[in-house]
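Asks: sequence first, predicted model second:
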Amino acid sequence: MNNVLENIIATIIVTIVSTVTGLIFQAFGFTAQASISIGGAVLFALAVLFLVARKYYPRYSRYRTERLLERALNVNANGTDDAGIAFKKKIMERVLLEDAGVGLKQNSSVVEFLNQEACESHIREASRNAKKVKILTVRGEKYFLGPKSLLYDLCTSKRTKDSTLEVLVLSPDSSHITEDLAASLDHESAEEIRAKMRVVFGYLNHLAGRVKNFEVKCYDERPNFKILVFDDKMFVSSFAGGGPKNDHHSKMLQITRDGNPLFVGFERLFDDLLKRSVSTNSAVGEGV
């Protein structure tokens, strides 16, 4: 059916072009026969150009697309080109979203993302209407500090009475924070890390005093996992790989609760750690 329509359209276009070409040449004093001959030659030349373009244009288009993508992805994440960085992020999210779509078809209970940045849109979507939220992280500034943070809307929007938000962050006085760790993370000292943690810690205390059913606790154990739970959807990554840019280098898994023992296991890990952790008020009393 499509081929028939294409042939009909092509015939109409050829007829129109040949008629217009003939009329133009007649207007310049050419005879009808000469106009027809010239018009035929023009149409033949256009047909040849069309066939050549049809064959080689896709290759050229792919080549140009590849070059443009290379330029877009070659933007330095620490540079000053905010528009370029945002465009690069948009491209990566689109590509990874397509990959995630394939993963969802294959196994809807577990979806693997290249890193946390690649699934930020999914995290925002999952948190939008979540009632039971559990966050296990190291500092938490990417989730709560400032209006550009991932979960800022979750903390500032109106929440129902049965909504709960439980947050576990590493204590600034944790024995895990050493000079060797500071050097591996490109910090000048362990105290510099603690100072940054206390800033976020104070902001979380401020939020806990404003947001209903918002509980913040500190744990003093080696961080192994980052866990974000939004009702029946969870995002998990591991710190086991090490490195100063865990969010960029570590894969993040999206896990759904239904029939998935991984979800239950990670949620139990969070709940057990929550029981062993101390409240922010107690931590402040101990010198945090």
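Replies: Perfect, I can see it now.

Asks: what helices or strands is the host helix or strand of Glu192 leaning on?
Replies: For Glu192, the element it lies in under DSSP states H and E is helix 190-210. If contacts are counted by 3 or more CB pairs under 8 Å, 6 or more residues apart in numbering; DSSP states H and E, helix 190-210 sits against helix 141-144, strand 164-170, helix 179-184, strand 214-219, helix 280-285. All C-beta spots, glycine's among them, are computed from the backbone N, C-alpha and C.

Asks: now the weakest link among those, please, by mean pLDDT.
Replies: Lowest mean pLDDT within the helices and strands packed on helix 190-210: helix 280-285, at a mean of 50.

Asks: next one, pLDDT for Leu43 please.
Replies: As predicted, Leu43 sits at a pLDDT of 68.

Asks: give me the neighbour count for Ile135.
Replies: Residue crowding around Ile135 was assessed by other CB atoms under 10 Å; the count is 24.

Asks: ditto for Leu23
Replies: 11.

Asks: same check on Leu228?
Replies: If you count neighbours by other CB under 10 Å, Leu228 ends up with 26.

Asks: now do the SS call for it.
Replies: strand (DSSP: H, G, I helix; E, B strand; the rest coil).

Asks: for His122, same thing?
Replies: In three-state terms, and counting by three-state DSSP, His122 is helix.

Asks: tell me the SS of the residue nearest to it when sequence neighbours are not counted?
Replies: Among residues not flanking His122 along the chain, Gln254 sits closest, at 6.2 Å (CB to CB, 6 or more residues apart in numbering). Reducing the assignment at Gln254 to three states with three-state DSSP gives strand.

Asks: ok now do Gln254, which residues does it touch?
Replies: Applying CB atoms under 8 Å, 6 or more residues apart in numbering, we find Gln254 in contact with Ala100, Val110, Val111, Glu112, Phe113, Cys119, His122, Lys233, Met234, Phe235.

Asks: alright, I will stop here.
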